[in-house]
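*Asks:* Fold the following, please.
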Amino acid sequence: MFQQVLLASTLILLARACGELDCRDLIDAETLALWLAVSLCLKRELSKIIMVSDFKRLFDGGFVGFPDNDPDSDIPPDDKNLLKNRPVLDRAIVISAGVVANVIFAYVIIFVQVLSVGLPVQEAFPGVLVPEVRPLSAASRDGLLPGDVILQVNGSELPKAGPNAVLEIVDVIKKNPKRNLLFKIVRGKQDFEIGVTPDENLDGTGKIGVQLSPNTKFSKVIPKNIWEAFNFSGKEFWGLSYNVLDSLKQTFLNFSQTAGKVSGPVAIIAVGAEVARSNTDGLYQFAAVLNLNLAVINLLPLPALDGGSLALVLIEAARGGRKLPMEIEQRIMSSGIMAVILLGLFLIVRDTLNLDFIKDIML
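*Replies:* Numbers count the residues shown, from 1 in each chain. Sure, this is the predicted structure:
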């Protein structure tokens, strides 16, 4: 399963690299083809922007980039075809190319999914599903089993199936450490009540050691023709895009509560492997959502991201074409790169330590 997810992730990064005109991990042929395609579509002679290739590094991935800041370059610094000397619109297009590639690739993935396996349609049912119960947890100790559906908590019916029902249960559990909670559950064709006493976290909140999810089932609708396939793909694309944007908004609005849920590449691969293990078709959605996340995150106006570079270009445009001093731009981008590297290392170490087999080794 890990191989499938690694392949999907590699294809996503490959698509992004093809979209970015600073293709630092591709050989010149792919980059030239992309330049020509962009040039033909936009008719702005973008293909004339000078690129540089290092074929000596072909066996470790190659190198394609822009020689604007290369001290060894023999190209005159005032050459009009250097990226830094191009008009603002040209540079904005170049910077945004990777983001656009991710968005297009996300739609293509959804379209392929609709054509090959059909459009997933979600049907909601009452209650909250318990997909997983951790060993030695309060839920395991008191009798909850994977596959149980929680209908009521302390006699109070849960709202209509959806994220709100999950949040309501989580809220009740957190507020009642070491207090018995009465769950009405459905197990198979039987329904009965189970008392569960949440354990107490270090911060004083309660926990029972389960994974919760909306009680939903998915069916698949196969399009009757190509036009219906485009229609299905468009609806699914906008739905996933809305969910990605809403999740990002919630992350920033409730950062203190959601910071611990931010995942790095290790956790993303682990989640993808779990998706592939439970339902191979889910890899389509996993890859599409990952592409959309990459697009949105890279558009944020932060140093070292595409959005940061785009922000500098927009500042230049607002200043009537006057660039910020080179020293200031370099300081901004350098600080951003260092922050991204440190954050990446932190997430990799944290997510690796949280992997189940690593936890078993450390016990």
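*Asks:* which of the residues in the helix or strand where Val99 lies are buried?
*Replies:* In this structure, Val99 sits in helix 88-116 according to DSSP states H and E. Under the neighbour-count criterion of 16 or more other Cβ atoms under 10 Å, helix 88-116 has 90-99, 101-103, 105-111, 113-114 buried. (C-beta placed from N, C-alpha, C; glycine too.)
*Asks:* following it, which helix or strand comes up?
*Replies:* Going down the chain from helix 88-116, the next helix or strand is strand 119-133, by DSSP H and E.
*Asks:* Can I get the following helix or strand past that next one in CSV, CA atoms only?
*Replies:* Moving toward the C-terminus from strand 119-133, the next helix or strand (DSSP H and E) is helix 138-142. Taking Å, rounded to 0.1, in the frame of the first residue of the first chain, the C-alpha atoms of helix 138-142 are listed here in CSV:
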residue,chain,number,x,y,z
ALA,A,138,-11.5,3.6,28.2
ALA,A,139,-13.7,2.6,25.3
SER,A,140,-12.1,-0.8,24.9
ARG,A,141,-12.2,-1.4,28.7
ASP,A,142,-15.9,-0.5,28.9
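*Asks:* Name the residues that touch helix 138-142?
*Replies:* The list of residues contacting helix 138-142 from outside it, by Cβ atoms under 8 Å, 6 or more residues apart in numbering, reads 130, 133-134, 194-199, 207-210.
*Asks:* shouldn't Glu329 be in contact with Leu312?
*Replies:* Yes - here Glu329 reaches Leu312: they are 6.1 Å apart, a contact under Cβ atoms under 8 Å.
*Asks:* Comparing these two, which residue is more hemmed in?
*Replies:* Leu312 (20 against 17; other Cβ atoms under 10 Å).
*Asks:* Quick check: that one touching Ile328?
*Replies:* No - using Cβ under 8 Å as the test, Leu312 is too far from Ile328 to be in contact (9.4 Å).
*Asks:* just checking, Val166 touches Gly127?
*Replies:* No - counting by Cβ under 8 Å, Val166 stays clear of Gly127, with 10.3 Å between them.
*Asks:* between those two, which one's more packed in?
*Replies:* It is Gly127, of Val166 and Gly127, that has more neighbours when counted by other Cβ under 10 Å, with 23 against 19.
*Asks:* can you pull the contacts of the more buried one?
*Replies:* Per Cβ under 8 Å, 6+ apart, neighbours of Gly127: Val149, Ile150, Leu151, Leu158, Ala161, Ala165, Val186, Asn215.
*Asks:* Output these as JSON lines; include the columns secondary structure.
*Replies:* As requested, the contacts of Gly127 are exported to JSON lines (DSSP: H, G, I helix; E, B strand; the rest coil):
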{"residue": "Val149", "secondary structure": "strand"}
{"residue": "Ile150", "secondary structure": "strand"}
{"residue": "Leu151", "secondary structure": "strand"}
{"residue": "Leu158", "secondary structure": "coil"}
{"residue": "Ala161", "secondary structure": "coil"}
{"residue": "Ala165", "secondary structure": "helix"}
{"residue": "Val186", "secondary structure": "strand"}
{"residue": "Asn215", "secondary structure": "strand"}
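*Asks:* Farthest-apart pair in those, please.
*Replies:* Farthest pair in those (Cβ to Cβ) is Ala165 and Val186. Separation: 13.8 Å.
*Asks:* how about the helices in this structure?
*Replies:* 2-19, 28-42, 88-116, 138-142, 163-175, 226-253, 255-258, 265-278, 282-298, 306-318, 326-353, 356-362 (DSSP state H).
*Asks:* Now the fourth one: buried residues?
*Replies:* I take that to be helix 138-142. Ala138, Ala139, Ser140, Asp142.
*Asks:* Quick check: the second one vs Ile95, distance?
*Replies:* Looking back up the chat, that one is Ala139. Counting by Cβ to Cβ, to the nearest Å, the separation of Ala139 from Ile95 is 49 Å.
*Asks:* same thing with the last one?
*Replies:* From Asp142 across to Ile95, the span is 55 Å (Cβ to Cβ).
*Asks:* What are the neighbouring residues in contact with Val88?
*Replies:* Going by Cβ under 8 Å, 6+ apart, Val88 touches Val313, Glu316, Ala317, Gly321.
*Asks:* Let me have those residues in TSV, adding neighbour count, pLDDT and distance to Phe286 as columns.
*Replies:* Below are the contacts of Val88 laid out as TSV (neighbours: other Cβ atoms under 10 Å; pLDDT from 0 to 100; distance: Cβ to Cβ, whole Å):
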residue	neighbour count	pLDDT	distance to Phe286
Val313	18	82	33
Glu316	16	80	38
Ala317	15	82	37
Gly321	9	73	43
